[in-house]
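Novice: no sequence on hand, only this structure:
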Ligand code: 5GP
Ligand code: MG
Ligand code: MG
């Protein structure tokens, strides 16, 4: 395919078709597991937006969507898992079935915080669906109910994932050339 941003990539990890096929499978599994229930999908801004849009359409059940934006307090405290809420949910989640949708889980610190925060609001259940899982640098275990792909410790972009707000609109996932982020 022709795309000017392709030059910045070492390789493509998952093509548009591979992503679509896997997301259909995730949607079918979620549809089966939540039969008879309504789901409130909680997207973690901004990386999860494109995945969430496709995932929601692969689920054959009533689905509501809401979003949270979080940021870590900076390098020194990010290892403690201290996270700041930049944008909170619009919905009350009490007694609802929450499906947290993430682009990628790396250290696990962001999600660990989110899960604790959301449990305090007394939902009926919380599960996690992530497109990518990068377990090599995990600092805290998070229970992943639905995982698109497990990948090695490379910096990946595309399909929602950015470097400096770029590459989110690539329709596939690729490994960024180190020279791009090393300057
Ligand atoms: P963690 O699990 O370490 O708390 O944070 C995961 C977040 O870090 C992801 O939601 C994403 O924003 C960012 N991140 C981690 N690994 C990558 C990667 O390989 N590429 C991109 N673009 N973002 C990543
Ligand atoms: Mg994310
Ligand atoms: Mg980012």
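Specialist: Cool, got the structure. Just so it is clear, the structure is predicted and the values come from calculations on it, not from any experiment. Ligands and ions are numbered 1, 2, ... in the order given.
Novice: quick one: low-confidence parts of the protein?
Specialist: Counting by pLDDT under 70, the chain has low-confidence residues at 1-2, 73-81.
Novice: what's across from residue 97 in the sheet?
Specialist: residue 39, residue 125 (DSSP bridges).
Novice: surely it meets residue 125?
Specialist: Yes - taking contacts as CB atoms under 8 Å, residue 97 lies within contact range of residue 125: 4.9 Å. C-beta here means a position set from N, CA and C on the backbone, and glycine is covered the same way.
Novice: between the two, which one's more packed in?
Specialist: residue 97 (17 against 14; other CB atoms under 10 Å).
Novice: which residues touch the more buried one?
Specialist: By CB atoms under 8 Å, 6 or more residues apart in numbering, the contact list for residue 97 reads 34, 37, 38, 39, 40, 123, 124, 125, 127.
Novice: so it versus residue 44, what's the distance?
Specialist: 17 Å (CB to CB, to the nearest Å).
Novice: now stretch 174-183, how far from the centre of its chain.
Specialist: On the basis of CA atoms, centre = their mean, to the nearest Å, stretch 174-183 sits 21 Å off its chain's mean C-alpha point.
Novice: quick check: end-to-end length of it?
Specialist: Using CA to CA, to the nearest Å, the end-to-end distance of stretch 174-183 comes to 18 Å.
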